[in-house]
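1. Kindly generate the corresponding structure for this input.
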Amino acid sequence: MFSENGAVIVDADVIARDVVQKGTPAWEKIRAEFGDEILLDSREIDRDKLGDIIFNDTAKKKLLNRIVHPAVFEKMGERIKTIEEDTPDALVMLDVPLLIESGMQDGFSHVILVYVTEDIQVKRLMARDGYSEQDAYARIRSQMPIDEKKDKVDIVIDNSRGPAHTREQVLDVYTRLSGK
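-> Numbers count the residues shown, from 1 in each chain. Below is the predicted model of the structure:
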């Protein structure tokens, strides 16, 4: 919704997928740490298998984050620099799901949290990704509780009442941040 209004989005999840492509340094480290059993026949990482491991083992999740996060932040920095050079007036927004967990929220001028209750998160994960209720809770509870995140951000967008309500909030925030 922010990009529809003109913001340029740098998505950490998209970058994370890129930095773990077969043959990259991060892919090599993940393979060395987690073994070939987390690879598909194509030798790409089986994200479901790896997810099953890390969302049920905090130590393995931390290990994966230590491998992937530096590569992601390096690529994000490169992307931001390119945007600033090409479009200096752009409103650049970073979509970083683990920003608060990694303690990096203080490095930004504004931090926005898109908020829904845990129950809604579970229902949406089950509907979108086909997870069982247990798997959905495991993924959600592997992160900081969303209610704790609310105290660490500047702006909260309530995403529990449907797309039209969310869109109104997004437009308001975009207008405030962009000055347009």
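2. list the helices and strands the longest helix along the chain packs on?
-> For the chain, the longest helix by residue count, based on DSSP state H, is helix 58-86. For helix 58-86, the elements it packs on are strand 8-11, helix 12-19, helix 25-34, helix 47-54, strand 92-95, judged by 3 or more CB pairs under 8 Å, 6 or more residues apart in numbering; DSSP states H and E. Every C-beta, even on glycine, is put in place using the N, C-alpha and C of the backbone.
3. From residue 84, how far off is the closest residue to residue 58 other than its chain neighbours?
-> Nearest non-adjacent residue to residue 58, counting by CB to CB, 6 or more residues apart in numbering: residue 142, 7.4 Å away. Residue 142 sits 34 Å away from residue 84, going by CB to CB, to the nearest Å.
4. How is the chain divided into domains?
-> 13-89, 98-180 (automatic domain parsing).
5. Select, out of the ones you listed, the one closest to residue 1.
-> When those are compared by CB to CB, domain 98-180 sits nearest residue 1, at 4.2 Å.
6. Could you check stretch 165-180 and say which residues are buried?
-> 166, 169, 170, 173, 174, 177 (16 or more other CB atoms under 10 Å).
7. hang on, I meant stretch 82-97
-> Neighbour-count burial for stretch 82-97, counted by 16+ other CB under 10 Å, picks out 91, 93, 94, 95, 96.
8. Thanks again, I'm all set now.
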